[in-house]
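**Student:** A structural model of the following input is requested.
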Amino acid sequence: MTAPTPPPGWHQDPADANLLRYWDGTQWTEQTQPKPSQTPTPQKKGGVGKVLLILAAVLVVMGILGAVFGGGDKKEDKPAAAAATTTTTQVTSTRPTTTSAAPSSTTTPAAAAPTTTQPPAPAPRPAVPASDPRCAPANETLVALVESGFSASGLSLINGTVIDSGPYTFLGGTTVDATGKMKNRSDVWVIANGAVYSSTGGARNSTTWPKASTAPLKISPGDEIVQALDTCVVNLTR
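**Tutor:** Residues are numbered from 1 along each chain as shown. Predicted structure coming up:
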């Protein structure tokens with residue numbers, strides 16, 4: 001026999017017992033929904049009441065026994081509870097100390113800013129004494145004449161300067177070697193009647209010319225004109 005056709009509505013899904021599928025009267029549709037849960041069967045009121053009475057009786061008995069046998073225990077528990085409270089208070093009071101000490105141990109001190117030291121201002125150089133107005137550039141002929149008396153080869157004169165005084169010509173200059181390195185900053189020679197005489201110490205040591213301090217000139221290195229000419233040559237080398 002053919003199973004009776006169910007009326008249109010929600011029926012148990014033939015493929016899943018946990019779903020309801022809609023039957024439109026001729027076929028199953030795609031519409032489904034969860035199967036409603038079963039309502040639990042209520043227990044009888046009489047059984048619940050008995051259970052509650054039994055529990056109440058048990059609680060009453062336990063309360064009586066606790067009052068009889070537990071009085072002394074409560075008194076003994078008070079010091080322990082106080083000790084526990086004291087201990088808890090001490091621990092709590094030490095926690096802020098530990099917490100506050102941690103940042104101080106890990107804090108790095110700020111580095112000091114570098115101090116910039118300004119170098120002291122250089123002391124002013126002493127004023128260069130004014131050259132004697134009698135000083136004038138020497139001509140190459142006189143310079144070459146003096147250079148011809150150098151005892152060592154490669155020496156020459158630069159900054160050639162002269163002061164003419166009567167029958168004498170005072171010639172000063174800076175002695176340098178073949179590389180241009182200065183050997184003597186300033187030396188003075190005296191020329192009289194075409195003959196050359198050495199006046200200053202460097203002139204006497206570096207040339208073969210006779211001393212001006214002896215006869216016939218007898219002009220000492222401290223002569224006023226020798227000193228004035230020496231100052232002129234020194235000023236030219238600064």
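**Student:** what residues are up against the nearest residue to Gly25 once chain neighbours are set aside?
**Tutor:** Counting by Cβ to Cβ, 6 or more residues apart in numbering, the nearest residue to Gly25 once its immediate chain neighbours are dropped is Pro8, at 4.2 Å. Every C-beta, even on glycine, is put in place using the N, C-alpha and C of the backbone. Residues in contact with Pro8 (Cβ atoms under 8 Å, 6 or more residues apart in numbering) are 22-25.
**Student:** ditto for Asn205
**Tutor:** For Asn205, the contact set (Cβ under 8 Å, 6+ apart) is empty.
**Student:** phi and psi next, for the residue nearest to Gly25.
**Tutor:** Here is the backbone geometry of Pro8 (degrees, to the nearest 10): phi -60, psi 140.
**Student:** any idea how far Trp23 is from it?
**Tutor:** To Trp23, Pro8 is 6 Å away according to Cβ to Cβ, to the nearest Å.
**Student:** for these two, list the residues in contact with both.
**Tutor:** With contacts defined as Cβ under 8 Å, 6+ apart, no residue is adjacent to both Pro8 and Trp23.
**Student:** quick one on the thing from earlier: top of the contacts of Pro8 by number of neighbours, please.
**Tutor:** If you count neighbours using other Cβ atoms under 10 Å, the busiest of the contacts of Pro8 is Trp23, which has 18 neighbours.
**Student:** could I get the contacts of Pro8 as a markdown table with pLDDT and distance to Leu65?
**Tutor:** Converted to a markdown table, those look like this (pLDDT from 0 to 100; distance: Cβ to Cβ, whole Å):
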| residue | pLDDT | distance to Leu65 |
| --- | --- | --- |
| Tyr22 | 85 | 64 |
| Trp23 | 82 | 66 |
| Asp24 | 83 | 70 |
| Gly25 | 82 | 71 |
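**Student:** now compare the residues you listed and name the two farthest from each other.
**Tutor:** Across the contacts of Pro8, the longest distance by Cβ to Cβ is 10.2 Å; it joins Tyr22 and Gly25.
**Student:** alpha carbons only: can I get the strand or helix carrying Ser186 in CSV?
**Tutor:** Using DSSP states H and E, Ser186 maps to strand 182-192. What follows is strand 182-192, C-alpha atoms only, in CSV (Å, rounded to 0.1, in the frame of the first residue of the first chain):
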residue,chain,number,x,y,z
MET,A,182,117.0,80.8,6.3
LYS,A,183,120.5,80.5,7.9
ASN,A,184,120.9,84.0,9.4
ARG,A,185,118.0,86.3,9.8
SER,A,186,120.0,89.6,9.5
ASP,A,187,123.7,90.4,9.1
VAL,A,188,125.5,93.6,8.3
TRP,A,189,128.6,94.3,6.2
VAL,A,190,130.5,97.6,5.7
ILE,A,191,131.8,98.6,2.2
ALA,A,192,134.5,101.3,2.0
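**Student:** mind checking how far the residue nearest to Gly25 is from Asn18?
**Tutor:** Pro8 is 22 Å from Asn18, by Cβ to Cβ.
**Student:** okay, helices next: where are they in the chain?
**Tutor:** Remark: helices assigned in the chain by DSSP state H are 45-69, 71-106, 140-147, 201-206, 224-236.
**Student:** and those, which one averages the lowest pLDDT?
**Tutor:** With a mean of 48, helix 71-106 has the lowest mean pLDDT of the helices of the chain.
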